[in-house]
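A.B. asks: A predicted structure for the sequence below; I have some questions about it.
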Amino acid sequence: MSNVIGIIRALNSGVKHLAVKRFTLRYPEQKLKFVGDGFQFNPETGVGIAGLRGRHILFHEHCTGCQLCSVACEGIAEAISMVKVHETWKHNKKAIMPQIDYGKCVFCGLCVDACPFYALYMTNDYELSSFTKSALIYTPAQLAIQPKISQDVEIKIDDRGASHG
Amino acid sequence: MHRFLYSPTGLLATLVGEAASSFSPILLLFTFAIVATGPTLILSRMIAPRRTSNPVKFLPMESGQVPQGEGRTHFMMQYYSFVLMFVVFDVASIFLYAWGSSILDLPKSATLPIIGFLAIIFAAFAFALYQAGRKNIW
Amino acid sequence: MSTIAPQFRLSRFIGSLFDLIFWVILIFSLVGLPIVFIVLFYIKLPVINGQLMTPYLAMTWMADPSRTLPIVKSFMHTTIFRVMAFPGFGFAALLAAATIFVERKFLAKMQLRVGPLYCGKIEGILQLMGDGFKLMSKEIIIPAKADKPIFWLGPLLFVGTAGAFVALIPVAPGWVVANPSVGLLAVFAVIGFFPIIAVLTAWAANSKWTFIGGLRALHQMVAFEIPLILSLLGVVILSGSLNLSQIVQSQEHFWWIAFLPIGAIVFFITILAELERIPFDLPEAESEIVAGWLTEFSGMMYGLIQLGTYKIICICRIIRGSIPWWLEWSNGLASVSAGYYHSRNYNWSCNCTLPWIATF
Amino acid sequence: MSSGTDKDVEVKDTAEEHSTSSENTKPDSMSKDEAKKFYEEKGLDLSPDVPVKPKPIPAFEKSLADKVSSKFGDKITVDYVRADRIRVTAKRENIVDVAKFIRDELKYDHAESVSGVDYPDSSEIEVIYHLGSYTDEKLGRQIFALATRVPREDVPNPGSDSTRTPSLRDVFYSVEFHERECFEMFGVYFEGHPDMRRLLLPEDWADIPPFRKDFKIKGR
Amino acid sequence: MTTQLPPGMHIETVDEKIMTLNVGPQHPGSGHMRLIIKVDGDYIVSCDPDPGYVHRGEEKMAEYRNYIQNIPHLERPVIHDSSNILYPYCLGVEELLGIEVPERAKYIRVIAAELNRCIYILYWLAIYGIFLGHSTMFMWPAGDRELFIDLLEAMSGARVTHAYLVPGGVRNDLPSNFEERCLRQVEYFEKRLREYEAIFYQNPILKARTEGSGILSRTDAIRLGTTGSVLRASGVDFDVRKKEPYDVYENLDFQTIVMKEGDSYARSRIPYLEMFESCRIIKDALKKMPKSGSVRTKLKPNPKGGNDEVYRRIESGRGAIGYYIVSNNRPEPYRVKISVGSFRNLICMPYLLKGEKLGNMPAVYWGLNYWPVEADR
């Protein structure tokens, strides 16, 4: 008899969820909203600022070509290589800047931790898929572009359950 | 002609014919289902890719390993007792149906033998269940 | 250039088109035309406006609307229409499709998902069609040492037996394909066919998983056969007939379930086991024996088996209706239990598609 | 994607730039050897980062270690006694006796891990059993590290060379799979183990045991 | 080894009757590992686990990278429990290098570890459900896991591989409205968690399948050196968080869940009850956490340890994880040994499966909390 009651209770529990809100993010139409503009780092205190670790953004005016990001990446993913840029900055004599291969990058953000000059941050952009491997290699010029993103859906919780937006 | 129809052979032939006519649609639907769905297999054979390059593809499923031993072997199934009971009591249940469908036309005293029959069957069934439960595997 | 997707070549495309046309014509002339003639042989051609209907006159029904209705009417009373369309194959296939769709959708609702959504704009209504085409375009792989003729025959036999099952079911007064006087026994006979097919294909595939699955299917079906048969005995005693149509007629005023609740419950449980639904899914338990006796089926062969399976589900549902134990409340129970306990197969279905069948 | 078109256009540039830059900037950018040298210059010349603080030796752990050392005398050496951690090195001849003593008298009842450490300089491999206890309440936070050293051969032949030690499987049942792992990774053969087979490595592994120091990772 | 056969069962080892089944590596009922199972009809005669399909040599890799660079790859074995597998590494390196961790960072680490534990257990539960054919129990935990992934993403910036814990604290401070958001979602999750009870844990069908199958007695659990929920299901009250409290666990209010039965049902129920305790810990930690302060001790660029060794362990969702780190005055560790719960529980598998029915195999296998990638490392 207890088995019957158990089954009926289970049925009841299942049926109750017919009217509960769907907890599904309809991805291409909805995009999750993240904290801040992406992961940033304060070298003075040695502590990061919370944010999504997406694609990097490189500030050319701050980069000195010191290769610290590349050295940090060497034991992790070997995704960063220093390339020549056709720009002249006073503080970047060698005129080299990081170029990131997103086919290898693991988005750990330790390169951002390594940068002492506020030059390398991460952004909220995570849609990096491409048809070729070579398109995943981002040059310093591509890394300088601020991504345009619209992410506005959050988890909302009310009496009828949680839902996205 | 009439003489034939009312002769025992003729009556039998009528019965068989009626039965055949009432059961033949089943066979017809059976064939129709095959005829209607079979072409999808042919169509699939036509439009689907067929690559026979890799012989590994045609190995039976063995979770990614090369199969060891035969798929068709002598194999022990421990629930043999159910099969045995089925063989015995399936026949008995047919008698029950014959009795059950005509019980409204029978005299009341006809119930007694069937109760005896049921008693024997249930006793045997209980014994079989007891034996099946006694041994974990047969 | 990638080796996976070779470049498009117009000549090859046109060549394959001609190839396709050739095959279609060949199959039509070899298979289709004989079927047409067989059908014409069986159809009793009506007399319309004083003249016997011939196939050539029938071709003109579109041109002469006054001739249309009588032709359709007379056609509806032929056996071939019953076999093909209404209580027969087409109707069952449609019901099966509706069952699959409704089951998927409502299960998704219970599991806080949305289910099929994008295919066909309105709530994914064309999802099944897409699945069908997908299965059709998939490669059929037959294991190396399989018994090929039997292996090919397996799905066809399965669908055919499911079709034969359809023939026995009275859908509405007078609407039944085959009406033998011992219809209930015929139902048992057809049910007894399925384990044979399962074991046959399982043995033919020469794989361990199918072998275990087939044996399990056999044992399970056999084990639940006697309770199934005995659970229906009460109905036979009360209605005094083995004919399904007469059983239905005998309960115009009230349903036998009022007298036979235990039998009803036993029937419900055993029919679940016969259909290999969760929680009786031993033959297809996917976490132990990959997919049981279906392991080696691929592409459209698997699709046919699924079609047959869902057809049987629908039929069993209608049997529940025609031996009216399972009217609204029981159908509701089945649908509810479906949602809570899996899934893939369960007959959610039950209430949602054409409940009137159960209540006629 | 933020700049889909831009990216497609710049694909070619990227590729070209990459190929050219790898030739041109090779001397500029830091190669791996240089990076290592960089580490050594910056790192190794400095004094160790660990501030050396004398810590008091806790009494309970000391008593446990004393029990072992009083029983076995100079057959074993107590390497350290710290808070919650004791480490004892035994010779491989009497490691079974020591382990039995630890199990029966000190109530350590299972092994958490069996690790090997390769010391090519002293030509030895160290096998360390980290033992813990579930039954004794007081030993809940204790780990007893029982170490032994086995000789190491430059050309290993796992299973049939002198790199072998008695198995503790009969003393601590739970070391069974750990010892199998240690066998394939370091080539230490455990005598008396009933099932000394490969565990993680593929069947056709034909190289030296991979966790030895002379097995180099590709590119490092 | 004594086998636990059902009473009256005699297995005759006649070769013709014994069928060898390869469960895995491409099998819906196995992970990235193989179980070579010999069945006699429906009963398992012997089981030989064959892991190693995803062996990556994490321990070897760690010898070539310095202490900070080891962080991203050490969390790869268990990407859905990445904070917990990094935790003992951070504790060990802190002990080696003599780093003090700020108080706030300790609380943040505990919160991250508990959130991650819930993520792992939900994932585990989802697969437990689908292994037993309960697809609703697959969808619900997989969906509710999103709540915690969202929280950890707000915390650390990555949804799965966080790389959040570092020697000396955590990578970044909490975002501004994190506490309120965390409380809201955790409270909602507790409400959801109670709904699992009726549909799954009190379900007679689940109980019939799991109760009494794969019984591991208390003495055997100790003898085989099991850990985590497998150990606690057999009645041994051992939790590293209680026995050897690291960071701030001694200040927090929670209890260890212990069951005596030692069967598959107990092993499936303990992680579920532990999620309630995790929620309690999170709420308690949010309350007791210092509201401001440093979260990371600044390290030298290439810190190196002395000539020393350390063994630290924590409790993860799958049991104790221990790191044995040897250093020799270099920026890279000399040897890192990871002792994980999955590998320690693997030894139970041949022991428990012997004499079981084949149908009980998925429940016993997944009830052991075995994660193949972690066990192979």
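C.D. replies: Cool, got the structure.

A.B. asks: sec struct for residue E:336, please.
C.D. replies: The local conformation at residue E:336, judged by DSSP: H, G, I helix; E, B strand; the rest coil, is strand.

A.B. asks: so who does the residue lying closest to it once chain neighbours are set aside touch?
C.D. replies: Spatial nearest neighbour of residue E:336, chain neighbours left out: residue E:62 (4.0 Å); criterion: Cβ to Cβ, 6 or more residues apart in numbering or on different chains. The way it works is simple: take the backbone N, C-alpha and C, and place the C-beta from them, glycine included. Counting by Cβ atoms under 8 Å, 6 or more residues apart in numbering or on different chains, residue E:62 touches E:70, E:73, E:74, E:332, E:333, E:336.

A.B. asks: one more pass at 6 Å, please.
C.D. replies: Counting by Cβ atoms under 6 Å, 6 or more residues apart in numbering or on different chains, residue E:62 makes contact with E:70, E:333, E:336.

A.B. asks: my read is that the second one contacts residue E:310, right?
C.D. replies: So the one you mean is residue E:333. No. Applying Cβ atoms under 6 Å as the test, residue E:333 and residue E:310 come out as separate, 9.9 Å apart.

A.B. asks: what's whichever strand or helix holds residue C:17 in contact with?
C.D. replies: Residue C:17 belongs to helix C:10-27 when assigned by DSSP states H and E. The contact list for helix C:10-27, computed with Cβ under 6 Å, 6+ apart, reads residue B:46.

A.B. asks: residue E:333 and residue E:310: which is more packed in?
C.D. replies: residue E:333 (28 against 21; other Cβ atoms under 10 Å in any protein chain shown).

A.B. asks: can the helix or strand containing residue E:20 be said to contact chain B?
C.D. replies: Using DSSP H and E, residue E:20 sits within strand E:18-23. Yes. Applying Cβ under 6 Å from any Cβ of the partner chain, one finds strand E:18-23 touching chain B at E:20, E:22.

A.B. asks: re earlier: joint contacts of residue E:333 and residue E:310?
C.D. replies: The contact sets of residue E:333 and residue E:310 overlap at residue E:325 (Cβ under 6 Å, 6+ apart).

A.B. asks: need phi/psi at residue C:245.
C.D. replies: Main-chain torsions, residue C:245, degrees, to the nearest 10: phi -60, psi -40.

A.B. asks: once you drop chain neighbours, what's closest to it?
C.D. replies: Distance criterion Cβ to Cβ, 6+ apart; nearest residue to residue C:245, sequence neighbours excluded, is residue C:170 at 4.7 Å.

A.B. asks: what sits against that neighbour?
C.D. replies: Applying Cβ under 6 Å, 6+ apart, the residues contacting residue C:170 are C:176, C:244, C:245, C:248, C:322.

A.B. asks: that one sits in which helix or strand?
C.D. replies: Going by DSSP H and E, residue C:170 is not in any helix or strand.

A.B. asks: mind checking the pLDDT average for stretch D:68-80?
C.D. replies: Stretch D:68-80 shows a mean pLDDT of 83.

A.B. asks: now stretch E:149-164
C.D. replies: 88.

A.B. asks: separation between the spatially most central residue of chain B and chain D?
C.D. replies: In chain B, the residue lying closest to the centroid (Cα atoms, centre = their mean) is residue B:90, at 10.4 Å. According to Cβ to the nearest Cβ, to the nearest Å, residue B:90 stands 50 Å off from chain D.

A.B. asks: is it fair to say that residue lies in a helix?
C.D. replies: Yes. Under three-state DSSP, residue B:90 falls within a helix.

A.B. asks: which SS class is residue D:145?
C.D. replies: Three-state call for residue D:145 (three-state DSSP): strand.

A.B. asks: near chain A, which residues of the stretch 101-250 of chain C show up?
C.D. replies: Checking the stretch 101-250 of chain C against chain A by Cβ under 6 Å from any Cβ, the hits are C:109, C:110, C:112, C:113, C:114.

A.B. asks: and the two most separated of those?
C.D. replies: Spatially, the most separated pair among these is C:110 and C:114, at 11.8 Å (Cβ to Cβ).

A.B. asks: and these two? which has more neighbours close in?
C.D. replies: residue C:110 (25 against 16).

A.B. asks: residue E:213 reaches residue E:360, doesn't it?
C.D. replies: Yes. Assessed by Cβ under 6 Å, residue E:213 is found in contact with residue E:360 at 4.3 Å.

A.B. asks: so between those two, which is more surrounded?
C.D. replies: Just comparing residue E:213 and residue E:360: by other Cβ under 10 Å the higher neighbour count belongs to residue E:360, 22 against 19.

A.B. asks: ok, now which ones touch that one?
C.D. replies: Contacts of residue E:360 (Cβ under 6 Å, 6+ apart): residue E:213.

A.B. asks: again with residue D:87
C.D. replies: Residues counted as contacts of residue D:87 (Cβ under 6 Å, 6+ apart) are D:79, D:80, D:145.

A.B. asks: switch to 10 Å and redo it
C.D. replies: Contact analysis of residue D:87 by Cβ atoms under 10 Å, 6 or more residues apart in numbering or on different chains lists D:65, D:77-81, D:128, D:130, D:143-147, E:309, E:311.

A.B. asks: and it, which of the three is it?
C.D. replies: Taking three-state DSSP, the label given to residue D:87 is strand.

A.B. asks: what of residue D:112?
C.D. replies: Residue D:112 ends up strand, using three-state DSSP.

A.B. asks: so is the helix or strand following the strand holding residue E:20 next to chain D?
C.D. replies: Following strand E:18-23 in sequence order, the next helix or strand is strand E:34-40 (DSSP H and E). No. Judged by Cβ under 10 Å from any Cβ of the partner chain, strand E:34-40 stays clear of chain D, getting no closer than 11.6 Å.

A.B. asks: partner strands of strand E:34-40, with direction?
C.D. replies: Neighbouring strands of strand E:34-40 in its sheet, by DSSP bridges, are strand E:18-23 (antiparallel), strand E:43-50 (antiparallel).

A.B. asks: next, the angle from the longest helix along chain B to helix C:10-27.
C.D. replies: Determined from DSSP state H, the single longest helix within chain B is helix B:8-47. Relative orientation of helix B:8-47 versus helix C:10-27 (axes from the mean of the first three to the mean of the last three Cα atoms, to 10 degrees): 180 degrees.

A.B. asks: buried set for helix B:8-47?
C.D. replies: For helix B:8-47, a neighbour-count test (16 or more other Cβ atoms under 10 Å in any protein chain shown) marks B:22-23, B:25-26, B:28-30, B:32-38, B:40-41, B:43-44, B:46 as buried.

A.B. asks: brilliant, that's me finished.
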